[in-house]
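Engineer: Got a predicted structure plus its sequence, pasted below:
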Amino acid sequence: MVEMRNVNKWYGEFHVLKDINMKVNKGERIVICGPSGSGKSTTIRCINRLEEHQQGEIIVAGTPLTNDVKNIESIRREVGMVFQHFNLFPHLTVLENCCLAPIWVRKKPRKEAMAVAMHYLERVKIPDQANKYPGQLSGGQQQRVAIARSLCMNPEVMLFDEPTSALDPEMIKEVLDTMIELAEDGMTMLCVTHEMGFAKTVANRVIFMDGGQVVEENEPNEFFNNPQSERTQLFLSQILQH
Amino acid sequence: MVEMRNVNKWYGEFHVLKDINMKVNKGERIVICGPSGSGKSTTIRCINRLEEHQQGEIIVAGTPLTNDVKNIESIRREVGMVFQHFNLFPHLTVLENCCLAPIWVRKKPRKEAMAVAMHYLERVKIPDQANKYPGQLSGGQQQRVAIARSLCMNPEVMLFDEPTSALDPEMIKEVLDTMIELAEDGMTMLCVTHEMGFAKTVANRVIFMDGGQVVEENEPNEFFNNPQSERTQLFLSQILQH
Amino acid sequence: SISADTLSTVKKKGYLNCGVSTGLPGFSNPDDKGKWQGLDVDVCRAVAAAALGDEKKVKYIPLTAKERFTALQSGEIDILSRNTTWTLTRDVSLGLNFAGVNYYDGQGFMVSKSLGVKSAKELDGAAVCIQSGTTTELNLADYFRQHGMKYTPVVFDTSDQTVKGFEAGRCDVLTSDQSQLYALKIKLSKPNNAMVLPEIISKEPLGPVVKQGDDKWFNIVKWSLFAMINAEELSLASDNIDAKKKAKNPEVKRFVQSDGPIAKQLGLNQDWAYQVVKQVGNYGESFDRNVGKNSPLNIDRGVNSLWSKGGFMYAPPMR
Amino acid sequence: MIHNDNKLPDLPPPKNTTGIIGWAKENLFSSPLNSILTIIAGYLLYISLVPAIEWAFVKADWLGDSREACTSGGACWVFITARLNQFIYGFYPEELYWRVNIVFAMFSVLVAALVIERTPYKGWIASFALIVFPVIAFFLLYGGGFDLKIVETHKWGGLMLTLVLAVVGIVAALPFGILLALGRRSDMPVVKSFCVIFIEIWRGVPLITVLFMASVMLPLFIPEEVSFDKLLRALVGIVMFQSAYMAEVVRGGLQAIPKGQYEAAKALGLNYWKSMGLIILPQALKMMIPGIVNTFIALFKDTSLVLIIGLFDLLAIVQAGLSDPKWLGYSVEGYVFVAFVFWVFCFGMSQYSQALERKLDTGHKS
Amino acid sequence: MPENKHNLATGNVSFWNDPAKRSLVFQAILFLAVFAVGYIIYQNTQHNLESRGITTGFEFLDAEAGFGIIQSLIPYDETHSYGRTFVVGLLNTILVAALGIFFATILGFLIGVARLSHNWLIARIAAVYIEIFRNIPLLLQIFFWYFAVLRLLPGPRQSLELANVAFLNVRGVYLPSPVLGEGFSWVLAALVLALIVIFFIKRWARRRQSETGDQFPVFWASLGVLIGLPFIVFLLSGASLQWEIPELKGFNFRGGLTIIPELSALLIALTIYTAAFIAEIVRSGIESISKGQTEAARALGVSPGKTLQLVIIPQAMRVIIPPLTSQYLNLIKNSSLATAIGYPDLVSVFAGTTLNQTGQAIEVISMTMAVYLTLSLLVSLFMNWYNKRMALVER
Ligand SMILES: Nc1ncnc2c1ncn2[C@@H]1O[C@H](COP(=O)(O)OP(=O)(O)OP(=O)(O)O)[C@@H](O)[C@H]1O
Ligand SMILES: Nc1ncnc2c1ncn2[C@@H]1O[C@H](COP(=O)(O)OP(=O)(O)OP(=O)(O)O)[C@@H](O)[C@H]1O
Ligand SMILES: [Mg+2]
Ligand SMILES: [Mg+2]
């Protein structure tokens, strides 16, 4: 589904991504972790071209990413993304948030779009909030709306960038539950997160990044119990303390 | 020192304080607790007329509170108040914060005011911060400055409105210690707080409020070990859990 | 209450507030040192010389056409000397008194030579540049209506802007008092491409104005102007008055040293008329210096000659 | 399983993404549409800028004292240089220019001291600038005391008059503005409605009608015996007008002060005026500086309107110069010069206020 | 209980120390002071007017004006009254202000968006535009557009022309004007019909979208109908619409529609000046919307144009409208600078010529000020209403 080959990226003179190689197959669930500033967000944002890479190849759903606008738009249609800060549209109701892209991008009939939206809102367990505005919802609810909004486009792959780190502890669980369900349904997922419990439960592979490179990549069990690299060990010892 | 007789207060149509009766003698230390919105802050703010009550009598240091400006001013001079959010004056140094009222209200010579201020800053253990601005201090230090600022006016009574609830856990202790010392020196104190440890240590009496009424009033030991009212029991069970 | 006596306030202040134009070459215009000069300015100087004995004791207040009457009514200025036409309405309903005429003018037209127009009657359909708030504006409307012609009024705030508009080709014709036309013509970058049409469509007697209700002050202004005109008639000029003072001519004698109670009744010093001529000069001098043959405007004396030379300038005798 | 523990080196970015080429690709030609826009814009700039620069600099004449010096066919800046004194000082007597210069110098030093961040004793300097300096400036400019010859205000003009109008306008409007703002926030209905009406009326009418009223109608309102200077009357109009705008700036500043500050001041026993003067206003004024600078810019530009009532500010005096028969036909140079002077002042001030705004912004977040 | 809850705890307070009473006294004093000042001014004015022999009252409005006005939206000539000059000036003010607001808004939005363009050159040009035009006095800009630019235009005989029906020269822009003949009411009826059709197109397009998902180009279709339908009816009905084509007669063009250069210059200056401020407002409005909003829209595959239209602008409007309102008010007030170049607006005609011919300063100036106050008030009311509506939709 997603393949990165020797991807390099610079911010000005600063080398953020160094020779990233990674391959995600259909139905796989990948968790990316690593210390702050290691390039996790950048990697994931390169996949749907929110950032541009300068060297190497990224192939999403068989299409290589190029500068072609049509290309980028078609890829974005296939890739859903959930952000740390939800980024819901505050001037639209929950339902309108979910229908916007299907109507204007997929050109779906409004009726159909609304039906699909309601379906996914039910799936994330907040159909009753459909006509409220995002400002009236709790953080957890907002993040679930954001997930539903992405799902409405029927993406092949879902990207998550620390979806729970802006949430209060009580709300983290409801969002993680939603994501676990999604994983169980066989969605291809790439998820940046520090929730190691989540990683253990659903991930097929865990990727550890540091200083812009992939340092280690392994099965969750191996990764947590038998980390190979020193940096991984250090990171895990810090993160598992609490 | 402070006496409230059948005090009633409304915000618009909303009855916040219902027939409050309370008597605080010189040297007594009273802790007021209760669930959020129960009228604790309102009660305490009525005492130095930051809020106006509409029925009943409040007598502070022998003077009944009326609309008389002179009267209010003289009472405010006798009553010190410490707020949840410190409310230090950010454009003045710590020392200037402390000297301001003595100079402009008590008309003390600047030198004397400064000497007094230094005395109290020493007492709250931050004489070395005297020439910094509030923005440069930690929350705990700021709250201690706020206490010193009130003390500089030589008040007969000190009111505290949740003085520690905006502080990080490490800093709560340093503020509580300051307050305990103050109590030990015999200051008359009225303190809204959820710090039950503090209440047990220093309070002569604990007053429990709910829904704008005084529900229970008792010695700390009795109050904590043998609460009479159901509401108190419920409240204590919630609050003592953690 | 008695409205304050202008002469005594002026004497108390020690200077005269004189309303002039914001800039009309020949009539009132600051030179590059900021010194005010012009025919209208000379009236102010004459009054100052008569009333205060010093022509320099004048404070010039530049006014736009719009402001001038209100400024006088409100007492901001003591005398308005700003090429103002004497009309019935102004005399009667604005509470003003015209103290005489220092320039007989008439409204005329200036056109570009390339237009090929020889008479104002050919101007049907023309765009006309005018200065706002003047009698010119009314005369123009009357003239075109009377001759069954149409026109487009292009109205500007100051004469400066009017010229600029004319020069930019915004209008075919510039209309104004003839004196001004000459003054404005030299402001054009190519003065020779423009010409003034022969028609004069109105009478425009211009003169200094004072407030109503202060006859004493009215007299002083009036007679200061008359003194200048009479001086020319008597051939008294700033450079010869000291010499002629000693002459025996009784009329001159009366002029330079008005005996008896007259000066006192006027509220002035005995030598007031002498001071006017000595410091400012006679009317002819003033004319030549500012608008006539010694000035860039080079306007012909024409009707502004003395009555004795076929013009309209006629001052009552000073006896 | 992948394990890769050796640290990769930081490489320099590929050539075509850095340097001029990379920059141009990213910023000018990132898409076909962008490329077209770039080319069109570049062409337009080329055809307008080249002749303009040629006119203003390459072919311009700078020095001389009459129009004969202008021979190169470009701009004739001689007109400006020859009359520069008049443009700066108006009709102020030449031998007394030193008085104006002293005021200019003091003013610059004070402004510099207040703008530079690390100046000590800012409060004292500010009070000096607001209270003592105006008195000194008045005596220097107008004269009267200390054996200084009086220079009537009708001789003032040019840049000096522009500055006097703008600075006096803003400084005098400040206290009125504060009072009006306090009044508008008061809970006394009469005071409040009076202030609201006052503010809204002055903000609702154009400045030129205000100036016109001040210049010709004000004398009708006051007793006949009293008369005051035309400049003063223009100033009265400007100050009234400006204080309404200032009041709104002050109100914004007052609203930004948290309620806790009022309460703390009250709880310490400070009365209304003391808590305003010692606690609230010092904090609010600091926050208002950008707003004040912005109103100052607006006022500074608006001073050019006084030409409509016959005062010779910078614009008016240049226009008067343009009608000098000796210098006909140089109006473009004149207007460009005035525009440039105004622009330099306004641009400088607006950059300062924007910098301050940014600083206050981050200051609040941290 | 709540009925007697007011200040029962007041007790006996000496009069001067009771803040409520003190404030009453203070207010009474203020009221009296304001009243007294007003009265003194009134007295002085009365006295001054009398002693200076100035008549007051509004009778002068009925007198014949006797001067011409270059542009009037209603029939006017020299024989009309001064009262009529007031209306003429007022309408001219409203004309230039309304056009100014319209164009300044469009230009301001364009420049504001250009300021944020990814194209460095475009963004720079927009920034330079803003910094130049908002830092130069408007009066100067008006002079520039009028005197400096006017000079460059050809005279009437060398007019630039378009297809021999439209002309541009130093006297203005001359356009053909329609002369409505017989049967033209059909065309007007068609225009009304077009509006109704557009309404239904909108509804139909929405329904079709709901059912099939196809987007219908509503805007272009509406435009087509709005222009096309009356045009077809016009052709079919054979209505006699004649165009009055401006013709060079004597000195000037006659007939047709004339846009005088005073109006153009004032309008251009007002537009360019105000647009610089509006651009800054638009920029900061758009920047106030967090980058996350754009990213979220892009991540959903929404195109940049649609992102701006559907996500950014609707949110930015909330931030933009209040300062935009004050720019509109400024523009209205600034239109009074018309007097500097002789555009016949209210200040120039009524507070200018009329005032000067009649000398009724107090009446004329107060009428003028009242007009501006009313206009400002109306615009604020409208914008507040609009802002409230926007806010309601959001929350
Ligand atoms: N727009 C940008 N311009 C320049 N540098 C950037 C930019 N965005 C990110 N960086 C830098 O790139 C590096 C990688 O950033 P990235 O956001 O990918 O880290 P991360 O692993 O997601 O960290 P975190 O856990 O804090 O989100 C960081 O050092 C960051 O400072
Ligand atoms: N200014 C006000 N206007 C109207 N209602 C108010 C106002 N201030 C407080 N209230 C209401 O009065 C009630 C009592 O408020 P108060 O602040 O005294 O509660 P509290 O016991 O201090 O609660 P907390 O523990 O949250 O501080 C609350 O329901 C509050 O919503
Ligand atoms: Mg990140
Ligand atoms: Mg509370």
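Structural biologist: Looks like it arrived, so ask away. Ligands and ions are numbered 1, 2, ... in the order given.
Engineer: Scan chain C for its longest helix.
Structural biologist: As assigned by DSSP state H, the longest helix anywhere in chain C is helix C:215-233.
Engineer: average pLDDT across it?
Structural biologist: The predicted model gives helix C:215-233 an average pLDDT of 92.
Engineer: For it, what is the distance to the chain centroid?
Structural biologist: Offset of helix C:215-233 from its chain centre (C-alpha atoms, centre = their mean, to the nearest Å): 14 Å.
Engineer: what does stretch C:267-280 give?
Structural biologist: Worked out by C-alpha atoms, centre = their mean, stretch C:267-280 lies 20 Å from the chain centre.
Engineer: Can you tell me what sits against it?
Structural biologist: C:7, C:42, C:45-46, C:49-51, C:53-55, C:216, C:220, C:224, C:227-228, C:231, C:236-238, C:241-242, C:245, C:255-259, C:263, C:266, C:286, C:318 (C-beta atoms under 8 Å, 6 or more residues apart in numbering or on different chains). Quick note: C-beta positions are derived from backbone N, CA and C, even for glycine.
Engineer: Now do that stretch: distance from first to last residue.
Structural biologist: Distance across stretch C:267-280, first residue to last, is 20 Å (C-alpha to C-alpha, to the nearest Å).
Engineer: pLDDT on it, on average?
Structural biologist: Per-residue pLDDT values over stretch C:267-280 give a mean of 89.
Engineer: could you say what helices and strands the helix or strand that comes right after the longest helix of chain C packs with?
Structural biologist: Using DSSP states H and E, the helix or strand that follows helix C:215-233 in sequence is helix C:241-245. Where contact means 3 or more C-beta pairs under 8 Å, 6 or more residues apart in numbering or on different chains; DSSP states H and E, helix C:241-245 is packed against helix C:250-256, helix C:272-279.
Engineer: Neighbours of E:Asn48, how many?
Structural biologist: Neighbourhood size, E:Asn48 [other C-beta atoms under 10 Å in any protein chain shown]: 20.
Engineer: ok, now which ones touch it?
Structural biologist: Applying C-beta under 8 Å, 6+ apart, we find E:Asn48 in contact with C:74, D:219-221, D:224.
Engineer: ok, and the closest non-adjacent residue to residue 95?
Structural biologist: Assuming you mean chain A. Of all residues not flanking A:Leu95 in the chain, A:Ala130 sits nearest, at 4.4 Å (C-beta to C-beta, 6 or more residues apart in numbering or on different chains).
Engineer: Actually, chain E is the one I wanted.
Structural biologist: Excluding its sequence neighbours, the residue lying closest to E:Leu95 (C-beta to C-beta, 6+ apart) is E:Leu73, at 6.5 Å.
Engineer: so what pLDDT did the one you found get?
Structural biologist: 82.
Engineer: One more: D:Asp229?
Structural biologist: D:Asp229 carries a pLDDT score of 76 in this model.
Engineer: The residue nearest to the spatial centre of chain E sits in which helix or strand?
Structural biologist: Nearest to the mean C-alpha position of chain E, counting by C-alpha atoms, centre = their mean, stands E:Ala98 at 2.8 Å. Using DSSP H and E, E:Ala98 sits in helix E:82-115.
Engineer: Can you give me the buried ones in stretch D:292-299?
Structural biologist: Residues of stretch D:292-299 classed as buried: D:292-299 (neighbour count, 16 or more other C-beta atoms under 10 Å in any protein chain shown).
Engineer: wait, what's in contact with the nearest residue to A:Met187 once chain neighbours are set aside?
Structural biologist: Using C-beta to C-beta, 6+ apart and skipping residues adjacent in sequence, the residue nearest A:Met187 is A:Met158, 5.7 Å away. With contacts defined as C-beta under 8 Å, 6+ apart, A:Met158 is in contact with A:79-82, A:147, A:150-151, A:182, A:187-190.
Engineer: Let's verify A:Met158: helix, strand, or coil?
Structural biologist: State at A:Met158, reduced to three classes by DSSP: H, G, I helix; E, B strand; the rest coil: strand.
Engineer: got it, and A:Glu216?
Structural biologist: With three-state DSSP as the basis, the three-state label of A:Glu216 is strand.
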